[in-house]
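**Student:** Predicted coordinates and the sequence they were generated for:
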Amino acid sequence: MSGDRTSESGPLAYADWRDRLEDGELVGLECRSCGHVTATPKRACIDCGDRILDTCSLPTTGTVHSETTITVPPVGFEGPYQVGVIDLGETKLMGRIRGDEGVEIGASVEFADTVELDGMPAPVFEPVE
Amino acid sequence: MTRATIVGGGMTSFGPHDQPLEELFADAAFASMDDAGIAGDEIDAFYLGNALGGQTESDTHLAPKLATHIGLQGIPCQRFEDACATSSNAFKHAVQAVESGVHDVALVGGVERCTPETGLGTGEMTRIFAGASHRQYEQPTGLTFPGVFALLTKRHMHEYGTTEEQLAEVAVKNHHHGQFNPKAHFGRDTDVEAVLETPIIADPFHLMDCCPFSDGASAVLVVSDDLADSFTGEPVSVTGVGHRTDAVPLADKASLPETRAARDAAAEAYEQAGITADDVDVAEVHDCFTGAEVLAIEALGLFEDGTGGRAAADGETYIDGEMPVNPSGGLKAKGHPIGATGTAQLVELTEQLRGDAADRQVDDARTAVAHNLGGDAATTVVTVLEARA
Ligand SMILES: [Zn+2]
């Protein structure tokens, strides 16, 4: 458990997660019963089902757990772009990965920005030198 | 133990079809009824799989519509939607219904149109398919379904050293099989080099690593075990149906390459059937992308974890190999009309267990397994079928 994490009570809803993401903050939930951490809001723990979950701030740096560069996008997107599952230590989060070269599994990345679809933001990560 | 019996199966060819869903489905339904020797007035329930009709064709409430078109109006009809596992889930419910005595004879099938015959292009269909990923936490990244399976597969490549050439070998194998299936969307001999020369869709997947957008329909007739010999269609026993799910969004899955739902569904189905993976003679698995077949054959226990990537390259999963996988050509070559895929796997395996699969017949096929997944593998249905003693 990292020492710099802040905890607050009450369920983290999508609107809070979205607003804080747009403000440059990654927040998730930690189960008070079993300690499981998730990077996106839920109303109960996906490990034990307990409903008491504390909002916690997540690290903004992590490593690429898996990635792909999408060449054929859905309508509304301009490809190619890289998407990845980022390992933040105690949990994982999906996001875009920005950079000319593209990064590989195991690379260090940092939360830098957001992209948006229909008013819904997604985190954008950038390679850390 | 036998839970239910398939006494008939039928499907349309998979590929572009310029027909309403009801006409497309009628062709498959009547083929299955004629194969079973079952008349419409003997069917007392209809279980339908259709995943996308509302988005692709503004066509919903399809179960009574299709029933009306084929003379079944009035009986209980229901539609299922679980992404690509749609008609397997319909099948599961039909098996439960005849097993418990709620119904005697159930028609189960699926129908879907995904080709440009719908009026939708690649970008629009890619967006519609992406609807099965998480709306808030995945879709805004621009994730696609080739992208989803690329994320799962690249992790397998990272952990086990699986290569792009090995993935291409899966496409080569399934296209080889497809040429022996007159209902298949594609099928011709190709080679690894040709697969790797096709454009990248989402790395590591080239175009030839991806199943096509297909139109088509499939259907089976499911009856209780004690009615199995009441019809002219040669019966095949349903001895296990396992159904499990996993977390969405996929970042919450404990492991990307293990496809947990498939492992749990297989364990459930094998236990019901009283078999192990060693007993399986032939498998139809959900190879929506070449990497998905690798993950599936490991999750089913047909190959050790980490060795699935070599299976096609080593010849083991060919029709005449040690463990034949996707003799139909699989989704890769046979095609993938989403809601029709699950029951189409069962149509293929019924033919295999009857010994009726002609040029793609697996020798001495007695025990068969179907693996049909939905979405990012968060739904998986595994079915065990066995030839009757
Ligand atoms: Zn918990």
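**Tutor:** Done, it's in.

**Student:** Remind me what the helix or strand where residue B:158 lies packs against, helices and strands.
**Tutor:** Residue B:158 belongs to helix B:145-160 when elements are defined using DSSP states H and E. Here helix B:145-160 touches strand A:61-70, strand A:81-87, helix B:122-130, strand B:200-202, strand B:205-206, helix B:290-299, helix B:308-311, going by 3 or more CB pairs under 8 Å, 6 or more residues apart in numbering or on different chains; DSSP states H and E. Bear in mind the C-beta positions are built from the backbone N, C-alpha and C, glycine included.

**Student:** residue contacts, the residue lying closest to residue A:74 once chain neighbours are set aside?
**Tutor:** In space, and not counting its chain neighbours, residue A:74 is closest to residue B:127: 3.6 Å by CB to CB, 6 or more residues apart in numbering or on different chains. Counting by CB atoms under 8 Å, 6 or more residues apart in numbering or on different chains, residue B:127 makes contact with A:74, A:75, A:76.

**Student:** Quick check: of the residues you listed, which has the highest neighbour count?
**Tutor:** When neighbours are taken as other CB atoms under 10 Å in any protein chain shown, the top entry among the contacts of residue B:127 is residue A:74 (24 neighbours).

**Student:** Tell me the secondary structure at it.
**Tutor:** coil (DSSP: H, G, I helix; E, B strand; the rest coil).

**Student:** so what's it up against?
**Tutor:** By CB under 8 Å, 6+ apart, the contact set of residue A:74 is B:123, B:124, B:126, B:127, B:130, B:142, B:144.

**Student:** what separates it from the ion, distance-wise?
**Tutor:** The span separating residue A:74 from the ion equals 34 Å under the rule CB to the ion, to the nearest Å.

**Student:** what does residue A:14 give?
**Tutor:** 20 Å.

**Student:** isn't that residue right up against residue B:136?
**Tutor:** Yes. Residue A:14 lies in contact with residue B:136 (CB atoms under 8 Å); the separation is 5.7 Å.

**Student:** Neighbour count: these two, which is higher?
**Tutor:** The neighbour comparison of residue A:14 against residue B:136 (other CB under 10 Å) goes to residue B:136, with 16 against 13.

**Student:** Quick check: phi and psi at that one.
**Tutor:** When read as degrees, to the nearest 10, the backbone of residue B:136 gives phi -90, psi -40.

**Student:** Pretty sure it sits against residue A:40.
**Tutor:** Yes. Assessed by CB under 8 Å, residue B:136 is found in contact with residue A:40 at 7.4 Å.

**Student:** Which stretches in chain B count as helices?
**Tutor:** For chain B, the helices defined by DSSP state H occupy B:21-36, B:53-57, B:62-69, B:86-99, B:122-130, B:145-160, B:164-178, B:192-197, B:260-273, B:290-299, B:308-311, B:330-334, B:341-354.

**Student:** Could I get the buried residue list for the second one?
**Tutor:** Yep, that's helix B:53-57 we're talking about. B:53, B:55, B:56, B:57 (16 or more other CB atoms under 10 Å in any protein chain shown).

**Student:** same deal with the fifth one?
**Tutor:** Of the residues in helix B:122-130, B:123, B:124, B:125, B:126, B:127, B:128, B:129, B:130 count as buried by neighbour count, 16+ other CB under 10 Å.

**Student:** swap in the third one?
**Tutor:** Applying a neighbour-count criterion of 16+ other CB under 10 Å, one finds B:62, B:63, B:64, B:65, B:66, B:67, B:69 buried in helix B:62-69.

**Student:** hang on, the earlier thing: can I get the buried residues of helix B:53-57 in a markdown table with distance to the ion and pLDDT?
**Tutor:** Formatted as a markdown table, the buried residues of helix B:53-57 follow (distance: CB to the ion, whole Å; pLDDT from 0 to 100):
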| residue | distance to the ion | pLDDT |
| --- | --- | --- |
| B:53 | 38 | 97 |
| B:55 | 35 | 96 |
| B:56 | 39 | 96 |
| B:57 | 42 | 95 |
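
**Student:** with those residues in mind, which one is nearest to chain A?
**Tutor:** residue B:55 (12.5 Å; CB to the nearest CB).

**Student:** How is chain A partitioned into domains?
**Tutor:** As given by the TED database, the domain ranges for chain A are A:10-58, A:59-128.

**Student:** Report the rounded mean pLDDT for the shortest one.
**Tutor:** Put plainly, it is domain A:10-58. Taken as a whole, domain A:10-58 has an average pLDDT of 96.

**Student:** What of stretch B:319-339?
**Tutor:** Averaged over stretch B:319-339, pLDDT sits at 98.

**Student:** and if you look at stretch B:163-182?
**Tutor:** 98.

**Student:** shaky segments in the stretch 1-150 of chain B?
**Tutor:** Scanning the stretch 1-150 of chain B for pLDDT under 70 picks out nothing.

**Student:** what residues does it put near chain A?
**Tutor:** Counting by CB under 8 Å from any CB of the partner chain, the residues of the stretch 1-150 of chain B lying close to chain A are B:122-124, B:126-127, B:130, B:134-144, B:146-147, B:150.

**Student:** before we move on, the earlier item: dump the buried residues of helix B:122-130 to TSV, plus distance to residue B:341.
**Tutor:** Output for these, formatted as TSV (distance: CB to CB, whole Å):
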residue	distance to residue B:341
B:123	22
B:124	20
B:125	15
B:126	18
B:127	20
B:128	16
B:129	13
B:130	18
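
**Student:** Turn the residues you listed into JSON lines, columns for distance to the ion.
**Tutor:** Below are these laid out as JSON lines (distance: CB to the ion, whole Å):
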{"residue": "B:123", "distance to the ion": "40"}
{"residue": "B:124", "distance to the ion": "40"}
{"residue": "B:125", "distance to the ion": "38"}
{"residue": "B:126", "distance to the ion": "36"}
{"residue": "B:127", "distance to the ion": "35"}
{"residue": "B:128", "distance to the ion": "35"}
{"residue": "B:129", "distance to the ion": "32"}
{"residue": "B:130", "distance to the ion": "30"}
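
**Student:** Using the three-state scheme, assign the residue nearest the centre of chain A.
**Tutor:** The centroid of chain A falls nearest to residue A:93 when counting by CA atoms, centre = their mean (3.4 Å). With three-state DSSP as the basis, residue A:93 sits in strand.

**Student:** can you pull the contacts of the closest residue to it other than its chain neighbours?
**Tutor:** Spatial nearest neighbour of residue A:93, excluding adjacent residues (CB to CB, 6+ apart): residue A:39 at 3.9 Å. Counting by CB under 8 Å, 6+ apart, residue A:39 makes contact with A:26, A:28, A:58, A:88, A:91, A:92, A:93, B:251.

**Student:** Right, I'll leave it there.
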